[in-house]
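> the following block contains a protein sequence and its predicted model.
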Amino acid sequence: MDPAQFIEGRSRETEIRRDARGRWFNGEDEISHPILARSFDGWVDRAEDGRFCLSNAINWAYVEIDGPAYFVKDVDLGPEGIGLLLSGDLREPLDPASLCQGPEGALWCAVREGRCPARFDNHAVSKMSDTIGEDEEGVYVRIGGQKVRPPEVGDPLSLGLEKR
């Protein structure tokens, strides 16, 4: 069956949402099945109009996301760069050019080919403690032998919107 035929005449709007703590809901009902929640975590993306959606190989649908699209749960520090373990068990390299600081000082970056914002959780930041420093020019992260200076941004949740 052609997937386009399956969704013909159907809406991509849903009542699926994720709160800022990372819990998924369908309307008021929490989605507590761990495999489904982890799958949803890995399917977050941006639709062409800039709204968040769940997208997999078969279909996509709009969802509401409070907070970051992804959480950086862990990091792999290498001599050439930093690997990220994201919510949803996705792995990808850090794009140093996307690194920034939110208004509260948290580290953020863009993931999913730059389309989605990700916030570093405390565990990931603590693993990076030897690479993070501050000098007279401000905060930096040492990546591949270079000091990357993450700029402060007012709205890190808007990371990735320019990719659409």
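Alright, I've got the coordinates.
> mind listing the residues bridging to F25?
According to DSSP bridges, the residues that bridge with F25 are R17, E30.
> so it sits against T14, correct?
No: the criterion here is C-beta atoms under 8 Å, and F25 misses it with T14 at 10.6 Å. Where you see a C-beta, it was placed from the backbone N, CA and C, and this is true even at glycine.
> and V63, backbone torsions?
Main-chain torsions, V63, degrees, to the nearest 10: phi -140, psi 160.
> count the residues that sit near it.
25 (other C-beta atoms under 10 Å).
> same thing with M128?
Using other C-beta under 10 Å, M128 is surrounded by 19 other residues.
> check the one 3 residues further on too.
For T131, the count of nearby residues is 15 (other C-beta under 10 Å).
> so what touches stretch 147-163?
Stretch 147-163 has contacts (C-beta atoms under 8 Å, 6 or more residues apart in numbering) with 46, 50, 67-69, 96, 98-103, 106-110, 112-119, 133, 137-142.
> typo on my end, stretch 41-58
For stretch 41-58, contacts defined as C-beta under 8 Å, 6+ apart pick out 3, 12, 16, 18, 22, 39-40, 60-65, 69-70, 86-90, 112, 115-116, 160-161, 163-164.
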